[in-house]
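Colleague: Requesting a structural model of the entry that follows:
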Amino acid sequence: EPEHMSVLTGFTAGLLLITLSELGDKTFFIGALLAMRHPRRWVFVGVTAALFTMTVLSVLLGQVAALMPLHYVKWAAVVLFIGGGAKLLYDAAAMGANDTLEAEQAAACAAIQQQAPVSSRRGLASAVVLRAFTLTFVAEWGDRTQLATLTLAATHSPLGVMVGATLGHAICAAIAVVSGKWIAGKLSERWLTTMSGGLFLLFGVVAAFALINGS
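Modeller: Predicted coordinates:
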């Protein structure tokens with residue numbers, strides 16, 4: 001596969017997977033709730049910086065995994081994506097058609113309440129950025145999107161995956177801080193979980209097909 005196509009494939013995969021998976025999750029609500037208490041621009045900077053840092057770490061871990069025999073790495077990616085997709089689709093099937101995102105919102109609210117509040121003075125931009133960064137980084141660690149980013153980076157262009165995933169995170173963070181509460185009320189948890197599971201499953205099937213056909 002030509003280098004530019006490999007980068008484009010990694011970029012597209014990272015962008016689609018992150019954008020669909022991050023909408024309405026815990027980090028999304030952290031950004032939305034913090035933006036109701038602090039200046040939005042500083043919340044956006046902190047959230048995006050944390051997600052970018054996590055993306056870079058995930059890509060680096062993916063490159064470490066890529067040092068193993070590539071054939072085994074690719075089959076491990078197939079198992080992770082198909083298994084993760086099947087789990088998400090199973091969860092979606094168990095949800096009601098009108099289920100909301102209250103559980104994720106409650107988890108985000110609890111995480112914020114456990115952290116010491118920032119001074120009410122509006123000038124403390126650095127404190128707001130640090131708070132948003134810390135809360136987001138801790139919430140994102142071990143999240144399924146971190147594992148997915150790591151897996152994509154091990155089997156696709158790391159540059160493409162990093163840029164695509166970073167853009168996807170930035171899009172979700174922007175939506176969260178600008179109109180997160182309103183958007184959340186319009187989103188269906190079942191629909192989001194189904195779409196995310198379907199995308200995971202698609203990546204796994206495509207990767208398996210490519211391996212079987214020796215590409």
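Colleague: got a pLDDT number for residue 96?
Modeller: pLDDT, residue 96: 67.
Colleague: Check which helices and strands the helix-or-strand element of the chain with minimal mean pLDDT sits against.
Modeller: Across the helices and strands of the chain, mean pLDDT, DSSP states H and E gives its lowest value to helix 102-114, namely a mean of 75. With contacts taken as 3 or more CB pairs under 8 Å, 6 or more residues apart in numbering; DSSP states H and E, helix 102-114 sits against helix 26-35, helix 125-140. Placement of C-beta: from N, CA and C, glycine included.
Colleague: Would you pull up how far that helix lies from the middle of the chain?
Modeller: From the chain centre to the centre of helix 102-114 is a distance of 17 Å (CA atoms, centre = their mean, to the nearest Å).
Colleague: Where do the helices of the protein begin and end?
Modeller: Assigned by DSSP state H, the helices in the chain fall at 3-22, 26-35, 40-65, 70-94, 102-114, 125-140, 144-155, 158-186, 189-212.
Colleague: okay, the angle between the least confident helix or strand of the chain and helix 26-35?
Modeller: 50 degrees (axes from the mean of the first three to the mean of the last three CA atoms, to 10 degrees).
Colleague: quick one on the thing from earlier: out of the helices and strands packed on helix 102-114, which one sits most buried?
Modeller: Highest mean neighbour count among those (mean count of other CB atoms under 10 Å): helix 26-35, with a mean of 26.
Colleague: Using CSV, write out every CA atom in that one.
Modeller: Output of helix 26-35 as CSV, limited to C-alpha atoms (Å, rounded to 0.1, in the frame of the first residue of the first chain):
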residue,chain,number,x,y,z
LYS,A,26,-17.7,10.3,30.2
THR,A,27,-15.0,12.7,28.9
PHE,A,28,-17.7,14.3,26.7
PHE,A,29,-19.7,15.2,29.8
ILE,A,30,-16.7,16.3,31.7
GLY,A,31,-16.1,18.9,29.0
ALA,A,32,-19.8,19.9,28.9
LEU,A,33,-20.2,20.2,32.7
LEU,A,34,-16.9,22.1,33.2
ALA,A,35,-17.9,24.5,30.4
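Colleague: gap between it and the chain center?
Modeller: 13 Å.
Colleague: Show me what it is packed up against.
Modeller: helix 40-65, helix 102-114, helix 125-140, helix 158-186.
Colleague: Adding distance to residue 81, write the ones you listed out as JSON lines.
Modeller: Formatted as JSON lines, the helices and strands packed on helix 26-35 follow (distance: least, CB to CB, whole Å):
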{"stretch": "helix 40-65", "distance to residue 81": "14"}
{"stretch": "helix 102-114", "distance to residue 81": "22"}
{"stretch": "helix 125-140", "distance to residue 81": "19"}
{"stretch": "helix 158-186", "distance to residue 81": "14"}
